[in-house]
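Undergrad: What follows is a protein structure lacking sequence information:
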């Protein structure tokens, strides 16, 4: 239950006064009376310009295990980059003096973060609040079981939305959101969302796989057409780590993406979204935020006559990916018929000892095109034919699933069924390189 301790309309909406809380995760609220940016036009919900900074999928406390196993230095840098990027999000919210910082779920990577990570979050959000920027947030599937109030109330300017308190009003904007209460939700949340508040700008927060996306399991799926027809002016979304925007008439939906990518598959992330609500359709602007980005680098070593030439080519390639003011993790895609992945990896690591701001993510080797009549390439062709047999694929899928179930939950997706073809291709490439390096022609 909520017990009101201020005078105001009793319409089920938190209008910015202060509440005493009884129940799950309720947070205090204060009226925000900062000066509004005015624009011409009729009075009502479009009579002043309001800006929001939207982010999601921060994944604070992510162990980064799969990357750290290959490169411990990169793993440590990614853990720090996640915190640095979130601090920069708060810096940006304060600099832009937005009406609110909006976090659409998965702020933490799990429901049991350590106290150090909790302390970091509340310190950053308190810093925003002290600068006049309140925060509105929901829980996602990763932090569904997290009790944000285990160490006490979050404070009057940090608003966690959930089933018992789905709406808060700040500076004339009605924010609506529902939090995950379980890690897996198979049905849409949309039917449980409040209806728009008349005469207000209405903003929805939702953590959802929407109609589905490659690499993402279905969580609280919601048809995009139904979302856009709900009656809100803006939807702030989370769960899909690649950023995108959708428009349908006057309605805008933004998926800001993961602000700090954690591995190569998330390389399209690294942004937050600044949204302006004024007259007409909401406007948006992506802002780069990640402190460490992932990139691809193709390198053909097939013409290299000796290891010194390999070193020179590697050094040139690794220096070319440097980016002022931002660290980069590079995935090298090497074409060679004699230098295997292990050798190229060790050489690259030695070179990177003298290059600041560049880390090695992984080396993936590809042999040159097959040569008809060559014994080694004939063997490779026979293996490729076997890969296409149904019996082989079924046996490989079963072994993959057995290995996947033996891994920690945060890295088991690296052996997802959809990764089988890539894993087999890597294996064939390594065998081909070994055959050629051993002198079999």
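TA: That came through fine. Remember, it's a predicted structure, so these values are computed and weren't measured experimentally.

Undergrad: tell me the mean pLDDT for stretch 253-263?
TA: The pLDDT scores in stretch 253-263 average 95.

Undergrad: any idea how far that stretch is from the chain center?
TA: On the basis of Cα atoms, centre = their mean, to the nearest Å, stretch 253-263 is displaced by 4 Å from the centre of the chain it belongs to.

Undergrad: now do stretch 67-79
TA: With Cα atoms, centre = their mean, you get 17 Å for stretch 67-79.

Undergrad: if we look at it, which residues are touching it?
TA: Residues outside stretch 67-79 that contact it (Cβ atoms under 8 Å, 6 or more residues apart in numbering) are 62, 64-65, 260, 262-263, 292, 327, 329, 359-362. C-beta coordinates here come from the backbone N, C-alpha and C atoms, glycine included.

Undergrad: now swap in stretch 111-126 and tell me
TA: With contact meaning Cβ under 8 Å, 6+ apart, stretch 111-126 is reached by 60-61, 83, 86-87, 90, 101, 107-108, 135, 142-146, 151, 154-155, 157-158, 183.

Undergrad: Now the buried members of those.
TA: In the contacts of stretch 111-126, burial by neighbour count holds for 60-61, 83, 86, 90, 101, 107-108, 135, 142-144, 146, 154-155, 157-158, counting by 16 or more other Cβ atoms under 10 Å.

Undergrad: What's the local residue count around residue 366?
TA: Using other Cβ atoms under 10 Å, residue 366 has 19 other residues around it.

Undergrad: isn't it right next to residue 333, touching?
TA: Yes: with contacts counted by Cβ atoms under 8 Å, residue 366 reaches residue 333, the gap being 6.6 Å.

Undergrad: pLDDT below threshold where in the stretch 101-250 of the chain?
TA: For the stretch 101-250 of the chain, the stretches with pLDDT under 70 are 145, 182-183, 186, 212-218.

Undergrad: What segments of it are helices?
TA: For the stretch 101-250 of the chain, applying DSSP state H, counting those that start in this stretch gives helices covering 115-130, 224-228.

Undergrad: want to throw those helices into TSV with distance to residue 166 and mean neighbour count?
TA: Below are the helices of the stretch 101-250 of the chain laid out as TSV (distance: least, Cβ to Cβ, whole Å; neighbours: other Cβ atoms under 10 Å):
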stretch	distance to residue 166	mean neighbour count
helix 115-130	20	16
helix 224-228	16	15
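
Undergrad: what bridges to the closest residue to residue 229 other than its chain neighbours?
TA: Distances taken as Cβ to Cβ, 6 or more residues apart in numbering place residue 248 nearest to residue 229, at 7.7 Å, with adjacent residues excluded. Each beta-bridge partner of residue 248 is listed here: residue 251, as defined by DSSP bridges.

Undergrad: what about residue 248, neighbour count?
TA: Based on other Cβ under 10 Å, the number of other residues close to residue 248 is 13.

Undergrad: Touching, it and residue 226? I think so.
TA: No: using Cβ under 8 Å, residue 248 is not in contact with residue 226, being 10.9 Å away.

Undergrad: Next, name the residue at the spatial heart of this structure.
TA: residue 258 (2.3 Å; Cα atoms, centre = their mean).

Undergrad: Let me see the contact set for that residue.
TA: Applying Cβ under 8 Å, 6+ apart, the residues near residue 258 are 56, 57, 58, 59, 241, 266, 269, 270.

Undergrad: By neighbour count, which of these wins?
TA: Compared across those, residue 56 has the highest neighbour count, 32 neighbours, by other Cβ under 10 Å.

Undergrad: Could you list the domains of the protein?
TA: 12-288, 293-437 (automatic domain parsing).

Undergrad: most neighbours per residue, which of these?
TA: Among these, ranked by average contacts under mean count of other Cβ atoms under 10 Å, first place goes to domain 12-288 (a mean of 19).

Undergrad: How much space separates residue 296 from residue 268?
TA: Computed as Cβ to Cβ, to the nearest Å, the residue 296 to residue 268 distance reads 12 Å.
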